[in-house]
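Participant: Here is a sequence together with a model predicted from it:
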Amino acid sequence: MKKLFLLFIIFLSQSIFAQFPVWSNSFDTPNDLQGWTFHDLNGNGNGWVQGQNIYYNGTQLAYGTAGVLRYSMSLVPTGSAPSFATENDWVISPQIDLTGAGGTLTLAAYIGRQRSNHLNLGRDLYIFVSTPAKEVPELSDFQAMAVDNNGNSIPTPYKLLAGTSTNPFPNDLTQFAECTVDISAFAGKKIYIGMWSNRRANENNIQNINIDEMAIYSSVLKTNETNTGKALTKILENPVKNSLQLKLNSGLKESNTLVNIYNMAGQKIFTSKYSKNINVNQLSVGTYIAVISDGNITEKLKFIKN
C-alpha cells in the first residue's frame, strides 16, 4: 500500500502553513511512466524500469507488492546482467511545471533497499530548467551536468538519500524510508529531473534501488488576483458545519470555477464545481484550505470544520 506524505507542515511564527502538492508520481503502473525517457548506454539490457519492488527474501531476489521505479544490477527473480561493471543508465522525467508554485519547494520520495547489506541508497538528481531557447533537454544536457570534459564528476547539491542515521531503513526490506530535498531554487520554472545509474567509483549513485513514490510540494500557490477593487471570495460562515457557503469573487468565471479542499498535510481530499453551498458534511472535524480557481485566478481560504 502506498504511503502518504503526511508530514509536510511548516511551523512559522506560530502559524501553520500546509504545503500543497504540485506534482506527484506513484509509479504504480507502466502508464505512470508516460513521457519519461530511458537510456541504456552500455547496451546490456539492464536499466531503469517500472515494476514491482524487489527484495532479497532470504533465498533469492523476489517481487514485492508495491509499484515502483526500480533499478537493479541483478535480473529478477534470478540472474545477473552482463557487463554490469560498466552500467551507464539514465531515466529522465517529463516536464514538471512549477510556474504556479512558490515559497519552499520540497521534493519527497520513498526509497527502498533490495538487500539487508545495502546500508544506504542514493541518487544524484540533475535538474534541467527549460528556457525559451531550449525548452526540452537532450541527454547530452544531463551528461554535461554530471561529468566535465575531462571525465571528472561534477558535484550536485540535489540528492535522494535514504538509510542514513536521520532516516534509517526499516528492517522489513519491503518497506521504504522517506527522503526530502529542498528544490526551492526552481520555484516558478519548468524543469526536468534526470537520475543516473553508473559504476563510477566514489559516487552516490548506488544500484539496487526501489523508488516507491515521488512528489513535489509548495508552501505557496501563486495567485493571479484581479485588481478591480471588488470583493474577493468569502466564506460566509466559518467555522463550517455541514455546508461551505461561498460568496464568489466577481473576477472569477463562475462556470469554470472549481473548489479543491486540502487538509493541513497538503493532501487534496475533495473537489467540487463551484456552488454557493458545497456539502462538506463528510469532512472530519479540523482545519482545511479551500483553493478556488477558474484557471486564471486562484484564491486560498482557510476554514474550520466543526
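Facilitator: Yes, it's here. Residues are numbered from 1 along each chain as shown.

Participant: Please name the residues that touch the closest residue in space to residue 239 that isn't next to it in sequence.
Facilitator: Once flanking residues are discounted, residue 239 sits nearest to residue 304: 4.0 Å by Cβ to Cβ, 6 or more residues apart in numbering. Yep, even glycine has a C-beta here, placed from its N, CA and C like the rest. For residue 304, the contacting residues are 238, 239, 240, 286, 287, 288, by Cβ atoms under 8 Å, 6 or more residues apart in numbering.

Participant: quick one: low-confidence parts of the stretch 101-250 of the chain?
Facilitator: Along the stretch 101-250 of the chain, segments meeting pLDDT under 70 span 201-205, 221-231.

Participant: Just give me the residue closest to the centre of this protein.
Facilitator: The centroid of the chain falls nearest to residue 215 when counting by Cα atoms, centre = their mean (1.2 Å).

Participant: So what pairs up with that residue in the strands?
Facilitator: Beta-bridge pairing for residue 215 (DSSP bridges): residue 24, residue 108.

Participant: residue contacts, it?
Facilitator: With contact set as Cβ under 8 Å, 6+ apart, residue 215 has these partners: 5, 21, 23, 24, 25, 107, 108, 109.

Participant: Can you classify the residue nearest to residue 239 by secondary structure?
Facilitator: strand (DSSP: H, G, I helix; E, B strand; the rest coil).

Participant: Need the nearest residue in space to residue 48, chain neighbours excluded.
Facilitator: For residue 48, ignoring the flanking residues on the chain, the nearest one in space by Cβ to Cβ, 6+ apart is residue 91 at 3.9 Å.

Participant: returning to what we had before: let me know the closest of the contacts of residue 215 to residue 83.
Facilitator: residue 109 (28.6 Å; Cβ to Cβ).

Participant: dump the residue contacts of the closest one.
Facilitator: Residue 109 neighbours (Cβ under 8 Å, 6+ apart): 160, 178, 179, 180, 181, 211, 212, 213, 214, 215.

Participant: again, only this time at 10 Å
Facilitator: 5, 25, 69, 123, 125, 160-162, 176-181, 211-215 (Cβ atoms under 10 Å, 6 or more residues apart in numbering).

Participant: next one: residue 284
Facilitator: Per Cβ under 10 Å, 6+ apart, neighbours of residue 284: 263, 269, 305.

Participant: Quick one: buried ones out of those?
Facilitator: Listed as buried from the contacts of residue 284 are 263, 305; burial here means 16 or more other Cβ atoms under 10 Å.

Participant: Check pLDDT for the contacts of residue 284 and point me to the minimum.
Facilitator: The member of these with the lowest pLDDT is residue 263, and it reads 77.

Participant: sorry, back to before: roughly how far apart are the residue nearest to the centre of the chain and residue 61?
Facilitator: Per Cβ to Cβ, to the nearest Å, residue 215 is found 28 Å from residue 61.

Participant: Now do the same contact list for residue 257.
Facilitator: 233, 246, 248-249, 272-275, 292-295, 297, 299.

Participant: again, only this time at 8 Å
Facilitator: Contacts of residue 257 (Cβ under 8 Å, 6+ apart): 248, 273, 274, 292, 293, 294.

Participant: Residue 64 too?
Facilitator: Counting by Cβ under 8 Å, 6+ apart, residue 64 makes contact with 52, 53, 54, 55, 174, 210.

Participant: can you give me the offset of the host helix or strand of it from its chain's centre?
Facilitator: Using DSSP states H and E, residue 64 sits in strand 61-71. Centroid separation for strand 61-71 versus its chain: 19 Å, with Cα atoms, centre = their mean, to the nearest Å.

Participant: could you dump the helix or strand following that strand to CSV, C-alpha only?
Facilitator: Next along the chain after strand 61-71, taking DSSP H and E as the criterion, comes strand 88-92. Extracted in CSV, the C-alpha atoms of strand 88-92 (Å, rounded to 0.1, in the frame of the first residue of the first chain):
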residue,chain,number,x,y,z
ASN,A,88,25.5,3.7,-17.5
ASP,A,89,21.8,4.2,-17.5
TRP,A,90,19.7,7.4,-17.3
VAL,A,91,16.0,8.0,-16.6
ILE,A,92,14.6,11.5,-17.3
